[in-house]
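Chemist: Whatever this is, show me its structure:
(one chain, ligands or ions: 1)
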Amino acid sequence: MRVAIASDHGGFSLKEQVIGLLRNLGHEVEDQGCYSLDSVDYPDYAGKVCGSILDGSCERGILICGSGIGMSMAANRFSGIRAALCHELFTARLSREHNDANVLCLGARVIGPGLAEEMVSVWMATGFAGGRHQKRLAMFSC
Ligand code: RB5
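Modeler: Residues are numbered from 1 along each chain as shown. Predicted coordinates for the structure are as follows:
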C-alpha cells in the first residue's frame, strides 16, 4: 500500500522508526517531513498528508506529533479525511474496522516506540467491515 507520513519536531524520531517498519512490511512510503528536530508547525504537515490522500496518490496516512492531538484536529478539518488518534491497539484496530480511518495519528510523547510499531502494524493490516458502518460514515459524508 502507498502510505504518506509526516510529523512535527515532537514526532520526528518516531516517524523515522515508523518509516522503517512500514518499508519492512512491504509498503511504499512517502515521507513528507519534517526532516529534523527543528521546531515546525504541525498543521503544515497534516495538510501535506491529507492532500496526498485526497488527490489519490496515497491510500493511507500517518501523522505524528507530541500528543497526536494537534495533528488529528488539523487532519479532520479536511472533508474526506477520517483521522483517528489512538493510544492503544484496541482503538487502532476499531478505527479501521468500524470507521475506515484513512489517517492514523500518534502521540510520540504519549506512547512508547514498541506500542507504536504494533499499532501501525495492526492498523495497516485491518480492513473496513462495511455494512452498518458504511451507512454511518455516509451520514457525515466522507
Ligand atoms: C509541539 O510542542 C506540540 O505542541 C505538538 O507536537 C503537538 O503535541 C500538538 O498537538
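Chemist: contacting residues for the residue of the chain found nearest the ligand?
Modeler: With CB to the nearest ligand atom, the shortest gap between the chain and the ligand falls at Gly70, namely 2.6 Å. (C-beta placed from N, C-alpha, C; glycine too.) Applying CB atoms under 8 Å, 6 or more residues apart in numbering to Gly70 gives the contacts 8, 42-43, 46.
Chemist: With Glu117 instead?
Modeler: Contact analysis of Glu117 by CB under 8 Å, 6+ apart lists 17-18, 21.
Chemist: hang on, the earlier thing: the contacts of Gly70, buried ones only, as a PyMOL selection?
Modeler: Here the buried members of these are turned into a PyMOL selection, burial being counted by 16 or more other CB atoms under 10 Å:
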select buried, resi 8+42+46
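Chemist: Out of the contacts of Gly70, which sit inside helices?
Modeler: Counting by DSSP state H, the contacts of Gly70 place 42-43, 46 in helices.
Chemist: Near Gly47, how many other residues are there?
Modeler: The tally of other residues near Gly47 (other CB atoms under 10 Å) stands at 16.
Chemist: just to revisit the earlier point, now pLDDT and distance to Leu54 too, for the contacts of Glu117, in JSON lines please.
Modeler: Output for the contacts of Glu117, formatted as JSON lines (pLDDT from 0 to 100; distance: CB to CB, whole Å):
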{"residue": "Gln17", "pLDDT": "98", "distance to Leu54": "26"}
{"residue": "Val18", "pLDDT": "98", "distance to Leu54": "21"}
{"residue": "Leu21", "pLDDT": "98", "distance to Leu54": "25"}
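Chemist: Nothing else from me, thank you.
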